[in-house]
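Trainee: Got a sequence here, can you build the structure:
(chains A and B)
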Amino acid sequence: MQNLIDIMDLSIGEIDELIAKAKDIIAHPDVYRDKCRYKKLATLFFEPSTRTRLSFEAAMMELGGNVLGFSDAGSSSATKGESVSDTVAVVSGYADIIAMRHPKEGAPVVAAMKSDIPIINAGDGGHNHPTQTLTDLLTIKMEKGRLDNLTVGLCGDLKFGRTVHSLVAALSRYTGIKFVLISPQELKLPSYVKESYIKKNGIEYEQTTSLEDVIDQLDIVYMTRVQRERFFNEEDYLRLKDSYILDAGKMSKAKDDMIVMHPLPRVNEIAVEVDSDPRACYFKQAKYGKYIRMALILKLLEVE
Amino acid sequence: MTIDSIKDGVVIDHIKSGKAMDIYKFLNLEHTDCQVAIIKNASSKKLGKKDIIKIASDVQIDLDVLGYIDPDITVNIIRDGILAEKKHLELPKKITDVIMCKNPRCITTTEQGISHVFKLTDADSRVYRCMYCEAKAE
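Mentor: Residues are numbered from 1 along each chain as shown, chains lettered A, B, ... in the order given. Below you'll find the model as predicted:
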């Protein structure tokens, strides 16, 4: 039995297989309509999430399966003090696979130790969110046609953004990748992420505080939100906030085939005017999330 | 200063000066009934000064704990007054319930009944990370 706790649990070969399966699902949805008939997905969301939970539920429904679960800890026995281990031990008797989100880092590792059925980490605090990374990889493959030889701009909060860390880890295994790290000094990519993935794999990278200066060289710009509460003082926030907003002016300097990605929710870091630009991929990205989760459910349930 | 040599037991040697009490605590030696001698600041060719712990009993020593604290320590097993075995330590790949995760967001802070496990992730820098949240051991 296999679980997905961390994106690095998957080999490049396994990621390629999942992407190929997701592409096949997109091309032939009818073939997959009953693949998970009589199977049940339990969505155990100990903290609220809209997109991820709905994406998992839609994925299971499109495979012909059923869904049960809870969408915040308040409606689960966690409020009575039940441990993750006990919750999972019980639920594994009711469902065939579990997608779990928990505010505590490492909770899915505990769940996997106690479960008789596959566990998918749907986000554990600020730690891992592997299905978002799979979504990002499928988006890149669909929109750029490759996962190698790309100049990838990561923009905004690179310090606390778990989606950025996982994407850096995943893309660092491909050849010809260059990262352009665009953030305020306060929100730079942590050194351990740089050491563990970028430097260890000898990957070319550049650090800058200006999106405008580098946007013309990017194949992908991956936007994240710069949050006011991450700054030590209001002045710095006010000085920097607009430089990380992607608008039509900055888009005019970008390549014609650059794509704009964002894990969502977006607040104001991408101006609404960019939505109609054909290079804006973030809503497509959310849709791809459903397909890659369908592929993942099939793989973990060992359904051909 | 003279300390009686031991007939059967364990001598933990080449402890960095000042670290003997830490090891005494980590190995739970306060709970043993046998004689234990802690020698501090003994002269050492290799270290200049070193600490030594002599235990007059053939107790089981957790080599993983010792290896985690300092892999340069040597453990000598004494039988019938002579050196029977000299054990050189290595950094253990995994340590269980030796240290606790200090990350307040780690699942180990709330989940009852799970072991605190750290894995060696970088042998050169002696970095251990929590098996659950991957926080660096402090």
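Trainee: For B:Ala84, which three-state class applies?
Mentor: What DSSP: H, G, I helix; E, B strand; the rest coil gives for B:Ala84 is strand.
Trainee: pretty sure it is touching B:Ile77, no?
Mentor: Yes. Counting by C-beta atoms under 8 Å, B:Ile77 is a contact partner of B:Ala84 at 4.9 Å. For the C-beta atoms, the positions are set from N, CA and C on the backbone; glycine is no exception.
Trainee: quick one: which of those two has more around it?
Mentor: Neighbour count, other C-beta atoms under 10 Å in any protein chain shown: between B:Ala84 and B:Ile77, B:Ile77 has more, with 15 against 12.
Trainee: Nearest residue to the more buried one in space, ignoring adjacent ones along the chain?
Mentor: B:Glu85 (4.1 Å; C-beta to C-beta, 6 or more residues apart in numbering or on different chains).
Trainee: what about the residue nearest the centre of chain B, distance to A:Gly145?
Mentor: Computing the C-alpha centroid of chain B and ranking residues by C-alpha atoms, centre = their mean puts B:Leu66 first, at 2.2 Å. Separation of B:Leu66 from A:Gly145 (C-beta to C-beta, to the nearest Å): 54 Å.
Trainee: residue ranges for the helices of chain B, please.
Mentor: Here chain B has its helices, by DSSP state H, at B:20-26, B:63-69.
Trainee: name the helices or strands packed onto the last one?
Mentor: With contacts defined as 3 or more C-beta pairs under 8 Å, 6 or more residues apart in numbering or on different chains; DSSP states H and E, helix B:63-69 has these neighbours: helix B:20-26, strand B:94-96.
Trainee: avg pLDDT for it?
Mentor: If you average the pLDDT over helix B:63-69, you get 89.
Trainee: so what pLDDT did A:Leu298 get?
Mentor: So A:Leu298 comes in at 98 (pLDDT).
Trainee: buried sites along the helix or strand harbouring it?
Mentor: Assigned by DSSP states H and E, A:Leu298 falls within helix A:282-300. For helix A:282-300, the neighbour count (16 or more other C-beta atoms under 10 Å in any protein chain shown) marks A:282, A:285-286, A:288-300 as buried.
Trainee: Which residues of chain B lie near chain A?
Mentor: Proximity of chain B to chain A is confined to B:103, B:105-114, B:130-136 under the rule C-beta under 8 Å from any C-beta of the partner chain.
Trainee: what about chain B, any weak spots by pLDDT?
Mentor: Chain B contains residues with pLDDT under 70 at B:1-4.
Trainee: one step back: among the helices of chain B, show me which one is buried the most.
Mentor: Most buried of the helices of chain B, by mean neighbour count (mean count of other C-beta atoms under 10 Å in any protein chain shown): helix B:63-69, with a mean of 19.
Trainee: Return the distance of that one from the chain's centre.
Mentor: Counting by C-alpha atoms, centre = their mean, to the nearest Å, helix B:63-69 is centred 4 Å from the centre of its parent chain.
Trainee: can you dump the C-alpha coordinates of it into CSV?
Mentor: Taking Å, rounded to 0.1, in the frame of the first residue of the first chain, the C-alpha atoms of helix B:63-69 are listed here in CSV:
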residue,chain,number,x,y,z
LEU,B,63,25.3,3.4,21.5
ASP,B,64,22.8,5.3,19.3
VAL,B,65,22.4,7.9,22.1
LEU,B,66,26.1,8.2,22.6
GLY,B,67,26.8,8.4,18.8
TYR,B,68,24.2,11.2,18.5
ILE,B,69,25.9,13.2,21.3
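Trainee: Contacts for it, please.
Mentor: B:12, B:19, B:22-23, B:26-27, B:73, B:75, B:87, B:89-92, B:94-95, B:98-99, B:128 (C-beta atoms under 8 Å, 6 or more residues apart in numbering or on different chains).
Trainee: Isn't A:Lys40 up against A:Tyr94?
Mentor: Yes. Using C-beta under 8 Å, A:Lys40 makes contact with A:Tyr94 at a distance of 7.0 Å.
Trainee: Give me the common contacts of the two.
Mentor: A:Leu68.
Trainee: So for the two, which residue has more residues nearby?
Mentor: More neighbours surround A:Lys40 than the other of A:Lys40 and A:Tyr94, with 18 against 12 (other C-beta under 10 Å).
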